[in-house]
Every structure is written in C-alpha cells, then in structure tokens.
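[1] Give me a 3D structure for the following:
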Amino acid sequence: MSRNSALKSTRNSAPSSEQRSPAGEKTRPVWADLDKRERMSVVCRYFCQGYRLAKIAARISEEYSTDFSRESTYPMLMEAVRNGWIQYVPPLEQFLGDKIEKRYSWLREARVVHTSQFEDVAYYGAEMLITLLKNMRSSIKTTVHIGFAGGHAMRTLARALARLLRESEAELPEELVLHALVAGFDVFDPTTDPNSFFTLFQKHTPMGPEFKFVGLHAPTVVEADQYDSLRNLEGIKESFDQVDKLDIIVTSAAIWADEHSTFRKRMLKSPGCFDTLDKAGCIGDMLWLPLGPEGPLTVATRVRTMTLVELTELTTRIKAGKHVVLVLGPCAMCRKTKAQILRAILTSKDRLISHLVIDSLSAREILR
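    Coordinates of the predicted model:
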C-alpha cells in the first residue's frame, strides 16, 4: 500500500485520539492530542525552518493525520509574535565592529548590529549587559548596580534585558540593584521614566538574581541655581548617595536636529534655553545632558535636567573600572541615524563610554 493510501485509510478509520501500532503501542499523537500551544510550537518551528505557509499546512496534514489549512497558520503565528515567542535576531557585522575597535582602541568592546531598526540594537545591548554580568559573577561579585537613563530606547533595552535575565541559565550575580539615573520628562508618557522600568523586573526564576531598586523621585527640570539645594532634599539625597555604587551605566543618545528628541522638546519649552544651547553648538544629548562637537557642553542655561551623573564624571568612573554602555540605533520614530552624535562621543577628548552597541548604518557613516 502506498503512503498516501495508508494516510487515507487512517483518516477514514474510526476516530481515535492517538495512532497505534499493530501491537497496540502508541506511536505518535494526532492533531487532536495537542493543546493550543503545542500546536503553535509545530507551526512556528516549521515557519522558522523557512517553510512557506502552504507547505506548513501540508506537512501538518500529513504528519498529524488531519486536514490543516494554510489559513489556520496565520492566527498561530500572530499570537506567537504578540507574545514574543518569535523574534528576529539579525547577525552582528563583525567586520565593522573590528574596524571601530581598531580605530578607537580605548573601547573595551564594540558590537555592530546588521540592522536599521533600534529594536535589534536594543537586543544586542541587553546581551552585552548579560555578558558583563557573567564576567562580574566570575570575579566573585555577588551584587551589581546598574543605572538606566530614560527614554523610549532605554525602555526597549530594559524590556529585552528583563527577558534575557529570565531565560538565562548562566551564573549571574545573586543580586541586581537597578538605579534610575534621570527623572521622567514626558507627563503624557510615563513609560519613558526609568522608574517605570522597574516593573519589568518583578518576575524572575528561582535560580535568577534578586532585584532591588533605587528610584529618583525628583523634578525633571529645575532652575540651574537651585540644583545643588534640591539634590540635598530628603527623598532626593538618598538617590544621589547611592551613585558611587554604580558598576554599569547604560544609556542612549539623541541628535539635536531630530524633532523627536525628548531633550530638545523640553528645552524648547524653557524660554531662552534652546537658543542658548543652539548657539553654543549643541549637537545632541546623552543622559539628557547636552553634547557639543568636542564633548560635553558646560554652557549655562536657566534650567537644567535633574540627573544623578554628570557627563564630565564619566571619564573618572571608566578609569576606576566602571562600565558605561552606549546603545545607539536609529530614531524609533523617523529612522534617522545618529552618526553625528556618535562621532562626537567617540572623538571627545574625555572618554565618555567604555562599551558600544550600534546599528550598521551609523557604523558605516562614522567609518567613512
């Protein structure tokens, strides 16, 4: 009997929840034996192996003795995507990464992601943080302090890191203390406030690290002449007192010319501040502090952002063995690259970062 005839015979036989051998032993389940997620696992596996949807349906129909249609694959794949069970991970561009490390030899590590999307850069930024945590664990460090800047980019990275921490089977520090380095800017979108990132890290595996948090409950923007007095207020001073414990600072950056820049939009609301920074040659911001073509801008403005770490302090921290990780990809809104701000950071007379994760478009621009 041919294979097709045998299959037809099986389908036309009396209903059964399983296929059995002549001896009565169970061989393999039929489609009815699988629950919803088990069925999804079959569809997603074939999809990730490169099968077209029609071929997936044909294989399932043949292997599980059922009539499975091509249209039935769509809702399963969409649900898997919504839950993050299917993820596109682009390759690293090793050649560009090596060229950047050679040109800027003081960098401890540079990774270039072959992508034009920040979400991909964020994933590899989270991977780099996992690598740093593994290295710290191997040096018998049981508690690690990580500080987050704010914004949409950092929330995307924090979400990726939370997931990798739950999935990791590596030896990691026993305790992670997460710090908010800036106060939230956008009252209409509190998800850009690093304090809100902490909710992403509530779940962990029994073998994973315990989480502790150091928030920053302070005004986003303050009068410059009141900054020192405000940072010593009860409820804010406690956050500043914990800054010296930071092992890793993770941040992104934005270009001044991008209308989607959170820092730019905030300075536009403060009379005179935008013009002052613009005339001083501001080209962007990092940690919501202004940068010029040659490094941090120290020009005085009427108001300033409330941040726990100044850009001018980063060099000293790096020399002391701390890590400053810059995760930089195209603007999530308009997809503009950030090569201009990246070039300023890399050529600054002060070392502002120790580790770099960027997209391939920006890498090619700065290497021209």
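[2] can we go C-alpha only for contacts and neighbour counts from here?
    Will do.
[3] State the pLDDT value of the most centrally placed residue in the chain.
    Central residue of the chain (CA atoms, centre = their mean): L157, 1.8 Å from the mean position. Per-residue pLDDT puts L157 at 97.
[4] Could you do T251 as well?
    98.
[5] rewinding a little: just give the nearest non-adjacent residue to the residue nearest to the centre of the chain, would you?
    A122 (4.6 Å; CA to CA, 6 or more residues apart in numbering).
[6] Which positions in the helix or strand hosting the residue nearest to the centre of the chain come out as buried?
    Assigned by DSSP states H and E, L157 belongs to helix 152-167. Within helix 152-167, the residues scored as buried using 16 or more other CA atoms under 10 Å are 152-166.
[7] Kindly report the same for stretch 207-226.
    Buried residues in stretch 207-226 (16+ other CA under 10 Å): 208-211, 213-216, 218, 220-221.
[8] Please apply the same query to stretch 189-203.
    Here stretch 189-203 shows 191-195, 197-198, 201 as buried, counting by 16+ other CA under 10 Å.
[9] still on that earlier bit, and which of the buried residues of helix 152-167 is nearest R111?
    Using CA to CA, L157 comes nearest to R111 of the buried residues of helix 152-167, at 15.0 Å.
[10] Quick one: residues contacting that closest one.
    119, 122-123, 125-126 (CA atoms under 8 Å, 6 or more residues apart in numbering).
[11] One more: E223?
    Taking CA under 8 Å, 6+ apart, one finds 302-304 in contact with E223.
[12] Please report the distance of it from K36.
    Separation of E223 from K36 (CA to CA, to the nearest Å): 57 Å.
[13] average pLDDT across stretch 97-112?
    97.
[14] What of stretch 289-309?
    Rounded mean pLDDT across stretch 289-309 is 93.
[15] who's in contact with that stretch?
    With contact meaning CA under 8 Å, 6+ apart, stretch 289-309 is reached by 181-183, 218-225, 227, 239-240, 243, 263, 270, 272-273, 276-277, 280-285, 287-288, 310-312, 341, 344-345, 347-350.
[16] where does A32 fall, helix, sheet strand or coil?
    Here A32 is recorded as helix under DSSP: H, G, I helix; E, B strand; the rest coil.
[17] Run a quick neighbour tally on it.
    When neighbours are counted by other CA atoms under 10 Å, A32 registers 14.
[18] if we can go back for a sec, ok now the helix holding L157, how far from the chain's centre?
    Distance of helix 152-167 from its chain centroid, counting by CA atoms, centre = their mean, to the nearest Å, is 5 Å.
[19] if we can go back for a sec, of the contacts of stretch 289-309, keep whichever come out buried.
    In those, burial by neighbour count holds for 181-183, 218, 220-221, 227, 239-240, 243, 263, 273, 276-277, 280-285, 287-288, 311, 341, 344-345, 348, 350, counting by 16+ other CA under 10 Å.
[20] Restricted to helices, list those.
    227, 239-240, 263, 273, 276-277, 341, 344-345 (DSSP state H).
[21] check which helix or strand covers E119.
    helix 118-138.
[22] For that helix, which outside residues touch it?
    88-90, 111, 113, 115, 144, 153-154, 156-158, 160-161, 164-165, 170-173, 327-332, 357-359.
[23] Kind regards, and thank you for your time.
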